[in-house]
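In: mind looking at a prediction? Sequence and model below.
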Amino acid sequence: MRIIFCTCPRDLSDAIAEAVLHEKLVACVNIIGEVKSKYWWNGEINADTESLLIMKTRDDLVDSVIQKIKEVHTYQVPEIISVEIKEGNTDYLEWIKKGNSISEEKLIQQFLDYLLFERGLSNNTINSYKRDLIDFVKFTRESSQQFSTSVLEVTYFNIAKYLAHLQELGLASSTIDRKMDSLRGFYKFLDLKD
């Protein structure tokens, strides 16, 4: 978990906050309306009244938050600083993790839309992908003591356990191959989105 600090012109604070919240890059933004900043710029000491944004997010989203702020910010070199959160109210930290997560269902739907509109796959093929992905999500949720519960936090270990589970069910190798192809396609899609 991270806290990201950013100073900006006061009239820009809401726009930056909305931009990072809208894309679910942060769980929360606190806006301190007026801070006085003194700094060196172009060989001179400058002073400005700015807003200070305090944002909370996951480690994996820091680069995206920085990029989004730079897109909206008007400064040539905006102050954007990330600090690791080592301790805190565990309930709050868990909320940060979940607060800016896109639901698994929404990610799967985006992937299925991609298959339909971009790749032009048939409805039967898309329905097979959907069943395969829902089965995998269900497995990860039911196995939450041993596995990550989010499709975004899946590791090689999770996939290996799922594969072993499919083999234990006695599924045909062609069915298992199709299910693995569905997962491979889904994760490639997620990688392309980033």
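Out: Ah, there it is. Numbers count the residues shown, from 1 in each chain.
In: looking at the protein, which helix or strand is least sure?
Out: For the chain, using mean pLDDT, DSSP states H and E, the weakest element among its helices and strands is helix 90-99, scoring a mean of 82.
In: helices and strands around that helix, which ones?
Out: Packing contacts for helix 90-99, counted by 3 or more CB pairs under 8 Å, 6 or more residues apart in numbering; DSSP states H and E, involve no helix or strand. Every residue, glycine included, has its C-beta placed from N, CA and C.
In: residues of the helix or strand that it is followed by that come out buried?
Out: Proceeding C-terminally, helix 90-99 gives way to helix 104-113 as the next helix or strand, assigned by DSSP states H and E. Buried residues in helix 104-113, counted by 16 or more other CB atoms under 10 Å: 104, 107-108, 111-112.
In: now, which of the residues you listed sits nearest residue 160?
Out: Distance ranking of those against residue 160, using CB to CB, places residue 104 first at 20.0 Å.
In: and the gap between the closest one and residue 158?
Out: Look at residue 104 and residue 158: by CB to CB, to the nearest Å, they are 13 Å apart.
In: over to residue 48?
Out: If you measure residue 48 against residue 158 using CB to CB, the figure is 49 Å.
In: low-confidence ranges, the chain, go.
Out: By pLDDT under 70, the weakly predicted segments of the chain are 99-103, 144-150, 193-194.
In: mind redoing it with 90?
Out: Applying pLDDT under 90 to the chain flags the ranges 1, 22-25, 58-61, 90-110, 137-159, 189-194.
In: which one's more surrounded, residue 48 and residue 158?
Out: A direct count of neighbours by other CB atoms under 10 Å for residue 48 and residue 158 places residue 158 higher, at 18 against 14.
In: mind telling me what element that one is part of?
Out: Element membership of residue 158 [criterion: DSSP H and E] is helix 156-168.
In: and if you look at residue 24?
Out: Assigned by DSSP H and E, residue 24 belongs to no helix or strand.
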